[in-house]
Structures are given as structure tokens and as C-alpha cells.
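*Asks:* From the sequence below, what's the structure:
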Amino acid sequence: MVNISLGMDHSLIMETFLIVIIGGLGNMWGALLGSLIFGLTQSLGILVWPQFGIAFPYLAVVASSSSGREGSEVDVVTGR
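*Replies:* Numbering: from 1, shown residues only. The predicted model follows:
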């Protein structure tokens, strides 16, 4: 159970944004898959390194999306 407190919105917004990044915007099944990946990665991170377990999902996204979701490079100026 989670207690409600002031300033709690920042952590919830960050977690939700990360799930949307993983699953894709407007994709219901992607959001479900993203939330499962987020939860499993966070739980595994807490098991491996309890002090920094919360950071594992963020590090996983940074490590996996370095070249984009499709694996192709995109030019910032032209978008191709």
C-alpha cells in the first residue's frame, strides 16, 4: 500500500512517462508490456542492488534505446 503525500506526483509522472516510452504512445498492449517490463526491472534491481534498485528501469531504457526503437538512425533536422 502506498501513502499519499505532497510531492508524490513527480515520482508517479516519471514512472508513467517511462512506461509510455517503453510501450509506445497510443498503444494499449504496448503500455501493458511496458508496465510489466518496468515492474520486473524495478523488482530485479531491488533484489540485485537495494540502494539503487529504483534506477534500474531508467538505466534499462537508456541502454536499450540508444539507437532508437527500430534500430535505425534518425536525422534530427530532416526526421528521416
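*Asks:* if I look at residue 14, how far off is residue 29?
*Replies:* Separation of residue 14 from residue 29 (C-beta to C-beta, to the nearest Å) stands at 22 Å. Backbone N, C-alpha and C define where each C-beta goes, glycine included.
*Asks:* out of those two, which sits in the busier spot?
*Replies:* residue 14 (12 against 9; other C-beta atoms under 10 Å).
*Asks:* Tell me the secondary structure of the more buried one, please.
*Replies:* Look at residue 14: counting by DSSP: H, G, I helix; E, B strand; the rest coil, its state is helix.
*Asks:* Contact partners for the residue nearest the centre of the chain?
*Replies:* Centroid-nearest residue in the chain: residue 18, 3.1 Å away (criterion: C-alpha atoms, centre = their mean). Residue 18 is in contact with 34, 38, 57-58, 61, counting by C-beta atoms under 8 Å, 6 or more residues apart in numbering.
*Asks:* Residue 34: neighbour count?
*Replies:* 21.
*Asks:* I figured it hits residue 17, correct?
*Replies:* No. Residue 34 is beyond contact range of residue 17, at 10.5 Å (criterion: C-beta atoms under 8 Å).
*Asks:* average pLDDT across stretch 59-66?
*Replies:* The average pLDDT within stretch 59-66 is 71.
*Asks:* brain fart, stretch 35-53
*Replies:* Per-residue pLDDT over stretch 35-53 has a mean of 88.
*Asks:* same check, this time on stretch 15-24
*Replies:* On average, stretch 15-24 scores 82.
*Asks:* Let's see that stretch as PDB, backbone CA atoms only.
*Replies:* Extracted in PDB, the C-alpha atoms of stretch 15-24 (Å, rounded to 0.1, in the frame of the first residue of the first chain):
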ATOM      1  CA  GLU A  15       7.200   6.300 -13.800                       C
ATOM      2  CA  THR A  16       4.200   6.800 -16.100                       C
ATOM      3  CA  PHE A  17       6.300   8.600 -18.700                       C
ATOM      4  CA  LEU A  18       8.900   5.800 -18.700                       C
ATOM      5  CA  ILE A  19       6.100   3.200 -19.200                       C
ATOM      6  CA  VAL A  20       4.800   5.200 -22.200                       C
ATOM      7  CA  ILE A  21       8.400   5.400 -23.600                       C
ATOM      8  CA  ILE A  22       8.800   1.600 -23.300                       C
ATOM      9  CA  GLY A  23       5.300   0.700 -24.600                       C
ATOM     10  CA  GLY A  24       4.700   3.400 -27.200                       C
END
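*Asks:* Done for today, thanks.
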